[in-house]
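Undergrad: Predicted model and sequence below, questions to follow.
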Amino acid sequence: MRKGIILDANLLLLLVIGTLDGGRFISHSSRLNAYSKQDVKKLMQLIERFSPVYVTPYILTEVSNLIDLKREQYSRAFELAKVLMQGFEELPVTLKEDVRIPTFITHGITDASLVELAKQHFVVTNDKRLLPLLFNAAPNNIIPFAAVSQYIN
């Protein structure tokens, strides 16, 4: 298995909504108000550099639950997510093992599994609460989204 990149749920959500109509709906999502079209471009450049993109069922579940567009844009975002997700590689997870990870109690299943997966893959996140745990687990595999520019130039 190649060492690929894992995007946390918020960044994967940014990718989905940010690529819909050239980023027109980023500002329509209450979850993405800290991001811009430029952030989507950076994210896409990073993905090109660190391909493949790995996902877990936990991350995909969060993304599908976080899409908060209205009417037609909601359906279109899911159609786009479907296309994007078919290009990702799924990492296996084991629920019984993942709930035993100590950080499950404080951070939930998705973040706990990311801490473990960071030992083998690059993880990109903008989650300030999660970053310290990731750095403790695998400091050389963590890419804070604020530092993405360093990786794409």
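TA: That came in fine, so what should we check first?
Undergrad: contacts for the helix or strand Thr106 falls within?
TA: According to DSSP states H and E, Thr106 maps onto helix 104-117. With Cβ atoms under 8 Å, 6 or more residues apart in numbering as the contact definition, helix 104-117 has outside contacts at 6, 8-9, 54, 56, 58-59, 61-62, 91, 93, 95, 98-99, 101-103, 123, 125, 127, 129-130, 133-134, 137. Every C-beta, even on glycine, is put in place using the N, C-alpha and C of the backbone.
Undergrad: gap between it and the chain center?
TA: Counting by Cα atoms, centre = their mean, to the nearest Å, helix 104-117 is centred 13 Å from the centre of its parent chain.
Undergrad: Now the element after it, going C-ward?
TA: strand 122-125.
Undergrad: Who does that following strand pair with, and is each partner parallel or antiparallel?
TA: The pairing partners recorded for strand 122-125 under DSSP bridges are strand 5-7 (parallel), strand 142-144 (parallel).
Undergrad: Buried ones in the top helix by length along the chain, by neighbour count?
TA: Longest helix in the chain by number of residues (criterion: DSSP state H): helix 71-86. If you call a residue buried by 16 or more other Cβ atoms under 10 Å, then helix 71-86 has these buried ones: Gln73, Ala77, Leu80, Ala81, Leu84, Met85.
Undergrad: Show me which pair in these is furthest apart.
TA: Distance extremes for those: the farthest pair is Gln73 and Met85 at 18.0 Å, using Cβ to Cβ.
Undergrad: Show me what the longest helix of the chain is packed up against.
TA: helix 9-19, helix 57-66 (3 or more Cβ pairs under 8 Å, 6 or more residues apart in numbering; DSSP states H and E).
Undergrad: swap the cut-off to 6 Å and go again
TA: helix 9-19 (3 or more Cβ pairs under 6 Å, 6 or more residues apart in numbering; DSSP states H and E).
Undergrad: Can you check what angle separates the helix it packs on from helix 104-117?
TA: Interaxial angle, helix 9-19 versus helix 104-117 (axes from the mean of the first three to the mean of the last three Cα atoms, to 10 degrees): 70 degrees.
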